[in-house]
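Asks: I'll drop the sequence and a predicted model, then ask my questions.
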Amino acid sequence: MTTALQPSSIVSSALREALQTCPLIAVLRWITPQEVESVTETLVQVGFRLIEVPLNSPDPYVSIERLARRFGSEVLVGAGTVMSADSVARVGNAGGRLIVMPHADTAVVRAAREHGFACFPGVSTPTEGFAALDAGADGLKIFPAEAISPSVLKAWRAVFANDIPLLPTGGITPEAMASWVEAGASGFGVGGNLYRPGKSLKEIADSAVAFVSTWREVSHHQTRA
């Protein structure tokens with residue numbers, strides 16, 4: 001008899017805590033192994049608990065290994081732009097436990113589930129979303145957010161249960177967060193407006209503070225509304 005695949009208890013606990021405290025995935029696209037630890041230390045100090053190194057970054061598995069070794073007890077570290085089941089295994093070998101995708105390939109979702117990793121596939125339609133959840137996704141990366149809008153997400157929320165994490169990703173700014181949260185967003189994936197090559201640690205810290213403080217403000221307001 002086959003049993004439903006479940007994430008490992010450690011990963012499940014880390015994901016649950018991260019989503020409760022700061023459900024913002026830091027997307028560190030194009031980051032190098034040489035800077036990844038200092039940037040992540042800055043983000044962790046501000047409050048980030050979900051760190052993604054996209055696999056189209058330079059030497060991404062080296063970066064993931066370094067982050068997992070140094071920050072693995074504090075944050076959930078993993079990879080973005082994961083395009084294949086083989087990549088899921090390589091992320092795991094590097095110490096990653098978070099799989100984020102730009103698409104909704106159910107084979108990749110199932111591979112993440114088999115390894116006991118948290119998984120957020122990218123979806124742009126409810127059909128993709130429900131198929132991904134059925135394959136074992138922990139939540140949905142609403143991507144690209146620029147093409148969807150809060151009004152569309154509000155319509156989605158009418159059919160996706162409130163306990164299903166929906167994380168708009170793509171072009172998110174602190175100023176835009178309130179309208180998304182009001183529409184039903186559970187958190188966000190934040191990339192170029194948080195980190196991009198060439199930004200100083202102070203600039204990254206300032207951006208991180210803006211995102212985290214805005215999240216706390218808008219989510220608290222939404223809870224009280």
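Replies: Structure's in. What do you need? Numbering: from 1, shown residues only.

Asks: and the residue most central in space within the chain, what pLDDT?
Replies: Of all residues in the chain, the one closest to the mean position by Cα atoms, centre = their mean is Ile25, 3.7 Å from it. At Ile25, the model reports a pLDDT of 98.

Asks: on the three-state scheme, it is what?
Replies: For Ile25, the reduced secondary structure class is strand; criterion used: DSSP: H, G, I helix; E, B strand; the rest coil.

Asks: do you know how far Ser124 is from Ile204?
Replies: Here the distance between Ser124 and Ile204 works out to 29 Å (Cβ to Cβ, to the nearest Å). Using the backbone N, CA and C atoms, a C-beta is placed for each residue, glycine as well.

Asks: and the residue nearest to the centre of the chain, what are its bridge partners?
Replies: The bridge-partner assignment for Ile25, based on DSSP bridges, gives Leu50, Gly189.

Asks: show me what contacts it?
Replies: With contacts defined as Cβ atoms under 8 Å, 6 or more residues apart in numbering, Ile25 is in contact with 50-52, 80, 98, 100, 120, 167, 169, 187-190.

Asks: now the residues you listed in a markdown table, with pLDDT?
Replies: What follows is the contacts of Ile25, written out as a markdown table (pLDDT from 0 to 100):
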| residue | pLDDT |
| --- | --- |
| Leu50 | 98 |
| Ile51 | 98 |
| Glu52 | 98 |
| Gly80 | 98 |
| Leu98 | 98 |
| Val100 | 98 |
| Phe120 | 98 |
| Leu167 | 98 |
| Thr169 | 98 |
| Gly187 | 98 |
| Phe188 | 98 |
| Gly189 | 98 |
| Val190 | 98 |
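
Asks: got the contact list for the biggest helix by length in the chain?
Replies: The longest helix of the chain (DSSP state H) is helix 201-224. Taking Cβ under 8 Å, 6+ apart as the criterion, the residues outside helix 201-224 that touch it are 22-24, 26, 38-39, 42-43, 45-48, 174-175, 177-178, 181-182, 187-188, 190, 193-195, 199.

Asks: now list the buried members of these.
Replies: Burial by neighbour count, 16 or more other Cβ atoms under 10 Å: within those this picks out 22-24, 26, 39, 42-43, 46-48, 174, 177-178, 181, 187-188, 190, 193-195, 199.

Asks: distance of Ala85 from Ala158?
Replies: To Ala158, Ala85 is 33 Å away according to Cβ to Cβ.
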